[in-house]
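Visitor: sequence unknown, structure follows:
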């Protein structure tokens, strides 16, 4: 999803939505060039198995304009890899209606990555095609996968045309400079398939995924958007924007064609609803249920809310957990507690760029990433939860105990572990205790005020 303030500005020039059945013949020269790029790009790079470590959301809303962002990311990739990041999620990379100022969520030409002069610029807000492909290559050489942000629900920037489905003129004539994926009235809603659609977002032209023509260009054709992103540009996986706007089979069809890690933005705090979408789409989902419960717990000062339902408790292998993102980007005092929570619990945790690079203590975040990658295995048992205290155990090998404290006092608690007559230590530096567990596994641990401690074997 995206910030509505920008969409309100863009929507003023896009009053209606629709498209046309006929495909314009794409430029043979452009397609031949794309084929050559596809054959040569990233043929010998290595890519991490996404989901085993931690993902970085490598942008925030309104990153600096001027075409420098791909270079900014590329320069940080080696350090992120050393910290334990295995994937980076980047913003929508192709040319959008707002050209050099767009964050990419108003897509116009899916095949223009900063090399065609249209929509007011040649480069995108983030840079050129060359810079993007250099960044992807650097990520691969550092064993980091690159997750593309894919906007399939809507388009923006079409020219005005007579629309037979509305009887008016609508901005639905899409003739991209790349010569690929021409769209017009019959390819959007309303059309001969649907009179309207619940997926309309912000007044933008709403793609009709039931049309074979649209399906062919999005994922079926040899030079479809999906295959171009994967084979030509070198992307490894997909973050699907605003998946409430279209049916789950669309994501299934895309991944059936090109594979790769996939996660959907289904913005809903109900864990059962998220689980249903995951089951239907086959993809992972951002755990908005976890996000809202953490807000209740750490901003609302009630850690008992961490006992509530979340996607990671239902589908741990399909839950992508996060503390904040480009749409929320809030700061609150309990954020480090929230990161301690997602880094020690099941799910695939995501770090937000500004939290990591600007707002929070990078050393502490790196420590939590290390703990996640080296200690946080196995199922989860909640050992204690009340308004001020929360204790949970990961049951893997070696596993861990995490102790969260939202009170203004230092706390101690006896807890049951899976370690017997073993010396354990606290791995965040928030305690210098090295207690030995009893023969029955019980041990006393401590936690500072308004902080966390994480315990495991030596």
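Guide: Nice, I can see it. Worth saying up front: this structure is predicted, and the values here are computed from it rather than measured.
Visitor: lowest-pLDDT helix or strand in this protein?
Guide: When each helix and strand of the chain is scored by mean pLDDT, DSSP states H and E, helix 28-40 comes last, with a mean of 36.
Visitor: Quick one: the strands in the stretch 1-150 of the chain, in order.
Guide: Taking DSSP state E, counting those that start in this stretch, the strands of the stretch 1-150 of the chain run over residues 54-57, 85-89, 95-96, 107-109, 145-150.
Visitor: ditto for the stretch 151-300 of the chain
Guide: 154-155, 159-163, 168-173, 205-206, 237-240, 261-264, 284-286.
Visitor: Could you list the low-pLDDT ranges of this protein?
Guide: 1-49, 194-202 (pLDDT under 70).
Visitor: tell me the domain ranges of it?
Guide: 4-265, 380-457 (automatic domain parsing).
Visitor: deepest of the ones you listed, which one?
Guide: domain 4-265 (a mean of 20; mean count of other Cβ atoms under 10 Å). (Glycine included, C-beta is placed from N, CA and C.)
Visitor: Can you say which of the domains of the chain is nearest to residue 314?
Guide: Closest to residue 314 of the domains of the chain, according to Cβ to Cβ: domain 380-457, at 12.3 Å.
Visitor: show me where the stretch 201-350 of the chain has helices.
Guide: 212-215, 225-227, 248-258, 271-281, 288-294, 311-314, 335-344 (DSSP state H, counting those that start in this stretch).
Visitor: so which of those gets nearest residue 237?
Guide: Nearest of the helices of the stretch 201-350 of the chain (Cβ to Cβ): helix 248-258, 9.3 Å.
Visitor: and the angle for that closest one with strand 145-150?
Guide: 140 degrees (axes from the mean of the first three to the mean of the last three Cα atoms, to 10 degrees).
Visitor: Helix 248-258 vs helix 271-281, what angle?
Guide: 40 degrees.
Visitor: Now do the same contact list for residue 309.
Guide: Applying Cβ atoms under 8 Å, 6 or more residues apart in numbering, we find residue 309 in contact with 271-272, 289.
Visitor: and if we set it to 7 Å?
Guide: By Cβ atoms under 7 Å, 6 or more residues apart in numbering, the contact list for residue 309 reads 271, 289.
Visitor: Next, give phi and psi for it.
Guide: When quoted as degrees, to the nearest 10, the phi and psi of residue 309 stand at phi -70, psi 140.
Visitor: Distance-wise, check it relative to residue 58.
Guide: To residue 58, residue 309 is 30 Å away according to Cβ to Cβ, to the nearest Å.
Visitor: now swap in residue 439 and tell me
Guide: 48 Å.
Visitor: Over to residue 278?
Guide: 24 Å.
Visitor: Surely residue 52 and residue 86 touch.
Guide: Yes. Taking contacts as Cβ atoms under 7 Å, residue 52 lies within contact range of residue 86: 5.9 Å.
Visitor: returning to that earlier point: let me have the strands of the stretch 151-300 of the chain in a markdown table, adding distance to residue 322 as columns.
Guide: Shown next, in a markdown table, are the strands of the stretch 151-300 of the chain (distance: least, Cβ to Cβ, whole Å):
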| stretch | distance to residue 322 |
| --- | --- |
| strand 154-155 | 23 |
| strand 159-163 | 38 |
| strand 168-173 | 34 |
| strand 205-206 | 27 |
| strand 237-240 | 11 |
| strand 261-264 | 10 |
| strand 284-286 | 6 |
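Visitor: With residue 142 as the reference, name the closest of these.
Guide: strand 237-240 (16.0 Å).
Visitor: Tell me the strands beside the closest one, with direction?
Guide: Under the criterion DSSP bridges, strand 237-240 sits next to strand 145-150 (parallel), strand 261-264 (parallel) in its sheet.
Visitor: okay, those strands in a markdown table with distance to residue 321 next?
Guide: Below are the strands paired with strand 237-240 laid out as a markdown table (distance: least, Cβ to Cβ, whole Å):
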| stretch | distance to residue 321 |
| --- | --- |
| strand 145-150 | 15 |
| strand 261-264 | 11 |
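Visitor: could I get the helices of the stretch 201-350 of the chain as a markdown table with distance to residue 390?
Guide: Formatted as a markdown table, the helices of the stretch 201-350 of the chain follow (distance: least, Cβ to Cβ, whole Å):
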| stretch | distance to residue 390 |
| --- | --- |
| helix 212-215 | 46 |
| helix 225-227 | 42 |
| helix 248-258 | 34 |
| helix 271-281 | 18 |
| helix 288-294 | 11 |
| helix 311-314 | 14 |
| helix 335-344 | 8 |
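Visitor: who wins for proximity to residue 109 among these?
Guide: helix 225-227 (10.5 Å).
Visitor: Give me the helices and strands touching that closest one, please.
Guide: Contacting helix 225-227 under the criterion 3 or more Cβ pairs under 7 Å, 6 or more residues apart in numbering; DSSP states H and E are the following elements: helix 248-258.
Visitor: closest one to residue 140 among the helices of the stretch 201-350 of the chain?
Guide: Going by Cβ to Cβ, the one of those nearest residue 140 is helix 248-258, 16.7 Å.
Visitor: roughly how far is the closest one from the heart of the chain?
Guide: 17 Å (Cα atoms, centre = their mean, to the nearest Å).
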